[in-house]
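J.: requesting a structural model of the entry that follows:
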Amino acid sequence: MTSPNKIWLTSDTHFGHGNILGYCSRPFKDSGEMDEELIRRWNEKVGKKDLVYHLGDFAFGSKSKTAWYISRLNGEKNIILGNHDGYPTRWYMENGFMWASRFPIIYMEFILLSHTQQFLNPSSTFFNVHGHVHNGLPHRPNRQYMNVSVDVTDFYPVSLAYVLEEIKKEGGNVDYGKK
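T.: You can find the predicted model right below:
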């Protein structure tokens with residue numbers, strides 16, 4: 001299994017989306033500056049062979065521009081498509097993502113990866129890592145959720161190791177599936 005320090009989660013990069021600067025008060029002069037800084041910060045953390053789960057709303061614009069963003073980012077990339085990711089899942093895989101899904105996935109038997117925050121019963125043992133809300137919710141709204149929208153992570157991806165440590169801080173069990 002890949003080390004949790006080599007697995008990354010992020011969401012809502014919105015490459016090429018100029019209006020997101022105003023919507024989320026992003027501190028960039030224009031979308032070009034934002035795109036370059038997001039790419040720099042991604043590649044600063046993510047190694048070429050690291051694993052990345054992008055939780056939706058990757059980029060705006062043409063297919064060729066979206067493919068160009070994908071090609072510039074380190075890691076073996078996977079995507080759970082968001083409400084602004086309009087191309088077919090196959091297109092994302094043909095252009096640099098290892099896999100693409102329109103649906104949430106369960107990772108490590110207890111982490112629910114999704115674009116939008118999913119309702120969890122308060123007694124559930126699941127932990128939802130999501131995006132979609134940008135800076136509309138804090139990074140850790142409560143013990144069952146983590147918002148990894150770039151708007152609340154200083155525009156960096158977060159490591160799975162960090163996610164697991166946050167779960168442990170809340171008294172959660174991260175040893176699911178181990179014999």
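J.: how about the lengthiest helix in the chain: buried residues?
T.: Residue-count comparison of every helix in the chain, with assignments taken from DSSP state H, identifies helix 31-45 as the longest. Of the residues in helix 31-45, 31, 34-35, 38-39, 41-42, 45 count as buried by neighbour count, 16 or more other C-beta atoms under 10 Å. From N, CA and C alone the C-beta is placed, and that goes for glycine too.
J.: got it, and stretch 67-74?
T.: Going through stretch 67-74 with 16+ other C-beta under 10 Å, the ones that come out buried are 67-70, 73-74.
J.: got it, and stretch 46-57?
T.: Within stretch 46-57, the residues that qualify as buried by neighbour count (16+ other C-beta under 10 Å) are 46, 50-57.
J.: I would like the residues contacting that stretch, please.
T.: Among residues not part of stretch 46-57, those counted as contacts by C-beta atoms under 8 Å, 6 or more residues apart in numbering are 2, 6-14, 73-85, 97, 107, 113-115, 129-132, 148, 157.
J.: which residues in this protein form helices?
T.: Assignment of helices within the chain using DSSP H yields the ranges 20-23, 31-45, 63-72, 89-94, 160-169.
J.: can I get those in a markdown table including mean pLDDT and distance to Arg102?
T.: Output for the helices of the chain, formatted as a markdown table (pLDDT from 0 to 100; distance: least, C-beta to C-beta, whole Å):
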| stretch | mean pLDDT | distance to Arg102 |
| --- | --- | --- |
| helix 20-23 | 95 | 22 |
| helix 31-45 | 98 | 23 |
| helix 63-72 | 96 | 16 |
| helix 89-94 | 96 | 6 |
| helix 160-169 | 92 | 22 |
